[in-house]
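Q: build me a model from this:
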Amino acid sequence: MPEAARKMSEAPSVTQRIDTLDWKGAAESLSERGYAVTSPILSAAECAALVAIYGDDSRFRSQIIMERYRFGIGDYKYFANPIPEIVAEFRTSAYPHLAEVANRWTEALGEKNPHFPREHADFLKLCHKAGQTKPTPLMLHYEAGGYNCLHQDLYGEISFPLQMVFLLGQQGREWEGGEFILVEQQPRAQSRPQVVLANCGQAIIFATRYRPVKGSRGYYRVNLRHGVSRVHRGTRYTLGIIFHDAK
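A: Next comes the predicted model:
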């Protein structure tokens, strides 16, 4: 067996890599800051393989040119079904860990919505019943001068409160600038921006729309939006994992 193939066969599966992350630490960081940065999950070769997919339009259901909608400067593409195996495995293996966090947040805020199911397939059934049948995992691409305005990824009545983005290159090597930005708006207070840094192959897990914060009268909701600062040099690619589907 060639050396490269042998090493790939010996590499832990995506599910094994996801399951061995520090989920306790991630849950604490998400609750305290609205985000968490994982240890490296993807190898450099896997990142490069995902970037190579971007040029194959047959793998995607749509492309969005950000300038057309005043979303920023750059473009992104939503995967078509069947989505790549590694991307699908990220959704199915990370979801149960994040569903535990999501359900704790739901309880803290006293929401009447039912708990999120344990398995991602069961959650997708709820999305599909609501008419949300289009896959939402996507890849984003920026050249020098590109950026992404602050936003929330909501695609219908049903949404999952957490999502992930993987850096498919290294800031300072493939690009300069292009930091991930998370802005938090607390009631009756100024917005608080946070710059979140990660390395190639790491994931940033973050709140899609809100996180619970404990006050003197119990928990209240703090809204968050995310974006990307201007890329000064090079080309930036990322993989986004959104757990709810779209209409």
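Q: how about the lengthiest helix in the chain: buried residues?
A: Longest helix of the chain, by residue count under DSSP state H: helix 85-108. Within helix 85-108, the residues that qualify as buried by neighbour count (16 or more other C-beta atoms under 10 Å) are 87-99, 101-103, 105-106, 108. For glycine as for every other residue, the C-beta is placed from the backbone atoms N, C-alpha and C.
Q: same check on stretch 115-132?
A: 116-117, 120, 123-124, 126-127, 132.
Q: is it true that Glu89 touches Pro12?
A: No. The criterion here is C-beta atoms under 8 Å, and Glu89 misses it with Pro12 at 11.8 Å.
Q: show me where this protein has helices.
A: Counting by DSSP H, the helices of the chain are 3-10, 14-19, 23-33, 44-53, 66-69, 85-108, 120-129.
Q: so which of the ones you listed gets nearest Leu154?
A: Among the helices of the chain, the nearest to Leu154 by C-beta to C-beta is helix 120-129 (12.3 Å).
Q: now the closest one and helix 85-108, what's the angle there?
A: Helix 120-129 and helix 85-108 are oriented at 80 degrees to each other (axes from the mean of the first three to the mean of the last three C-alpha atoms, to 10 degrees).
Q: can I get helix 120-129 as PDB, trimmed to CA atoms?
A: This file holds the C-alpha atoms of helix 120-129, laid out as PDB (Å, rounded to 0.1, in the frame of the first residue of the first chain):
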ATOM      1  CA  HIS A 120     -29.500  15.200  13.300                       C
ATOM      2  CA  ALA A 121     -31.700  13.000  11.000                       C
ATOM      3  CA  ASP A 122     -34.600  13.500  13.400                       C
ATOM      4  CA  PHE A 123     -34.000  17.300  13.400                       C
ATOM      5  CA  LEU A 124     -33.900  17.400   9.600                       C
ATOM      6  CA  LYS A 125     -37.300  15.700   9.600                       C
ATOM      7  CA  LEU A 126     -38.700  18.700  11.500                       C
ATOM      8  CA  CYS A 127     -37.100  21.000   8.900                       C
ATOM      9  CA  HIS A 128     -38.500  19.100   6.000                       C
ATOM     10  CA  LYS A 129     -42.000  19.000   7.600                       C
END
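Q: which residues does that helix contact?
A: By C-beta atoms under 8 Å, 6 or more residues apart in numbering, the residues outside helix 120-129 that reach it are 91-92, 95-96, 99, 116-117, 133, 156, 158, 160, 243-245.
Q: just to revisit the earlier point, what's the closest of the buried residues of stretch 115-132 to Asp57?
A: Gln132 (23.3 Å).
Q: surely that closest one is in contact with Ile242?
A: No. Look at Gln132 against Ile242 with C-beta under 8 Å: they stay out of range, at 11.0 Å.
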